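Asker: model this:
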Amino acid sequence: LNNEPQLRDGMPLVDAEGRTLGLDSRVAAAATVARATLLQAVLVPSCALLAPTLLVRWLVTPRLWMSAPHLLPLAASATILGSVFVLTPLAVAAVPAHVPIAIEDLEDEIRLELQRRAAGDQRGRAGRVFSGRVLY
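Answerer: Numbering: from 1, shown residues only. As a prediction, this is how the structure comes out:
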């Protein structure tokens, strides 16, 4: 996925109800790319690749090597499957699909426009908006 156009031109912003605000923010684009990189390059590989390797090496093998070596393949398989099919989805679910951005962190012109809109809104607005791109 090439994110250069979003980083250059900005990413659309949405409010808490999911309505497009008609504003594009480079700060939102950078925050979204950073969160996607964290999710795809660190969190998912750690849960699916690193965690089962460490668990098998430091927990499963030392406990079963002498006492029940015939159970090592089954225990290692269960550890790997559990990490891939349970730990990874739980870790991904812990990361919000929409990236929240505080209004104070946005570019000056966007922040001023959102404050102007909030002043005319009867319901008021929260102090944050969301990136228009869903991570997963």
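Asker: Direction included, what does the strand of greatest length in the chain pair up with?
Answerer: As assigned by DSSP state E, the longest strand anywhere in the chain is strand 20-25. Here strand 20-25 is paired, per DSSP bridges, with strand 11-14 (antiparallel).
Asker: If we go by neighbour counts, what in the longest strand of the chain is buried?
Answerer: Residues of strand 20-25 classed as buried: 21, 23, 24, 25 (neighbour count, 16 or more other CB atoms under 10 Å). All C-beta atoms are positioned from the backbone trio N, CA, C, and that covers glycine.
Asker: Distance to residue 84 and pLDDT added to these, as TSV?
Answerer: Shown next, in TSV, are the buried residues of strand 20-25 (distance: CB to CB, whole Å; pLDDT from 0 to 100):
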residue	distance to residue 84	pLDDT
21	38	88
23	39	86
24	37	88
25	36	89
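Asker: which one of these sits closest to residue 78?
Answerer: Using CB to CB, residue 25 is the member of the buried residues of strand 20-25 that sits closest to residue 78, with 45.3 Å.
Asker: which residues touch the closest one?
Answerer: 10, 11, 13, 101, 106, 107, 110 (CB atoms under 8 Å, 6 or more residues apart in numbering).
Asker: quick one: which of those residues is nearest residue 54?
Answerer: residue 101 (34.4 Å).
Asker: what about the closest one, which helix or strand?
Answerer: strand 100-102 (DSSP states H and E).
Asker: Going along the chain, name the helices of this protein.
Answerer: 4-9, 26-37, 44-45, 51-55, 61-64, 72-82, 88-93, 108-120 (DSSP state H).
Asker: Give me the angle between the second one and strand 20-25.
Answerer: Inter-element angle recorded for helix 26-37 and strand 20-25: 90 degrees (by axes from the mean of the first three to the mean of the last three CA atoms, to 10 degrees).
Asker: low-confidence ranges in the chain?
Answerer: 1, 121-126 (pLDDT under 70).
Asker: mind checking how far the closest residue in space to residue 76 that isn't next to it in sequence is from residue 73?
Answerer: Spatial nearest neighbour of residue 76, excluding adjacent residues (CB to CB, 6 or more residues apart in numbering): residue 56 at 4.9 Å. Per CB to CB, to the nearest Å, residue 56 is found 11 Å from residue 73.
Asker: Thanks a lot, catch you later.
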